[in-house]
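> Coordinates for the following, if possible.
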Amino acid sequence: VQLVESGGGMVQPGGSLRLSCAASGFTFSAYDMSWVRQAPGKGPEWVSGIDTGGGRTYAADSVRGRFTISRDNAKNTLYLQMNSLKPEDTALYYCARGTLRGVGTKAYWGQGTQVTVSS
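Numbering: from 1, shown residues only. Presented below is the predicted three-dimensional model:
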């Protein structure tokens with residue numbers, strides 16, 4: 001099982017980023033997927049989840065209306081479009097296999113991509 005996140009970086013408040021997660025080593029289309037984030041000194045926080053077919057999505061209150069999760073099962077890739085970014089969105093962002101509305105099991109997270117929102 002391999003999950004490789006990309007697309008992080010540094011952005012000013014109000015800016016946008018699109019994260020990607022390339023999956024391999026398992027049948028991607030058979031698993032619910034989520035994005036999870038962890039800020040320095042804090043515990044992991046579930047951000048958003050999507051079901052196997054992409055028809056149902058869920059988002060934490062803190063990001064609802066600003067972040068959009070999606071997936072392309074033909075490309076084995078999960079996405080997170082992040083708009084109107086705030087400094088409090090600064091964190092290491094992970095994609096997580098097999099969870100729709102929770103952080104899941106850390107053994108099934110990727111290595112993470114850093115998002116820093118700062119002026």
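
> Tally up the residues packed near the closest residue to S29 other than its chain neighbours, please.
Distance criterion CB to CB, 6 or more residues apart in numbering; nearest residue to S29, sequence neighbours excluded, is N73 at 4.0 Å. Using the backbone N, CA and C atoms, a C-beta is placed for each residue, glycine as well. Look at N73: counted by other CB atoms under 10 Å, it has 15 neighbours.

> Kindly report the same for G112.
Neighbour count for G112, taken as other CB under 10 Å: 18.

> wait, it sits on G7?
No. Using CB atoms under 8 Å, G112 is not in contact with G7, being 11.5 Å away.

> Name the nearest residue to Y94, ignoring sequence neighbours.
Nearest-residue entry for Y94: W109, 4.3 Å, with adjacent residues in sequence omitted and distances by CB to CB, 6+ apart.

> let me fix that: L85
V117 (4.6 Å).

> gap between that neighbour and Y93?
V117 sits at a distance of 12 Å from Y93 (criterion: CB to CB, to the nearest Å).

> just the strands in this protein please.
Assigned by DSSP state E, the chain shows strands spanning 2-6, 9-11, 17-24, 33-38, 45-50, 57-59, 67-72, 77-82, 91-97, 113-117.

> is it possible to export those to JSON lines including mean neighbour count and mean pLDDT?
Shown next, in JSON lines, are these (neighbours: other CB atoms under 10 Å; pLDDT from 0 to 100):
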{"stretch": "strand 2-6", "mean neighbour count": "17", "mean pLDDT": "97"}
{"stretch": "strand 9-11", "mean neighbour count": "14", "mean pLDDT": "98"}
{"stretch": "strand 17-24", "mean neighbour count": "19", "mean pLDDT": "98"}
{"stretch": "strand 33-38", "mean neighbour count": "24", "mean pLDDT": "98"}
{"stretch": "strand 45-50", "mean neighbour count": "22", "mean pLDDT": "98"}
{"stretch": "strand 57-59", "mean neighbour count": "17", "mean pLDDT": "98"}
{"stretch": "strand 67-72", "mean neighbour count": "18", "mean pLDDT": "98"}
{"stretch": "strand 77-82", "mean neighbour count": "22", "mean pLDDT": "98"}
{"stretch": "strand 91-97", "mean neighbour count": "24", "mean pLDDT": "98"}
{"stretch": "strand 113-117", "mean neighbour count": "18", "mean pLDDT": "98"}
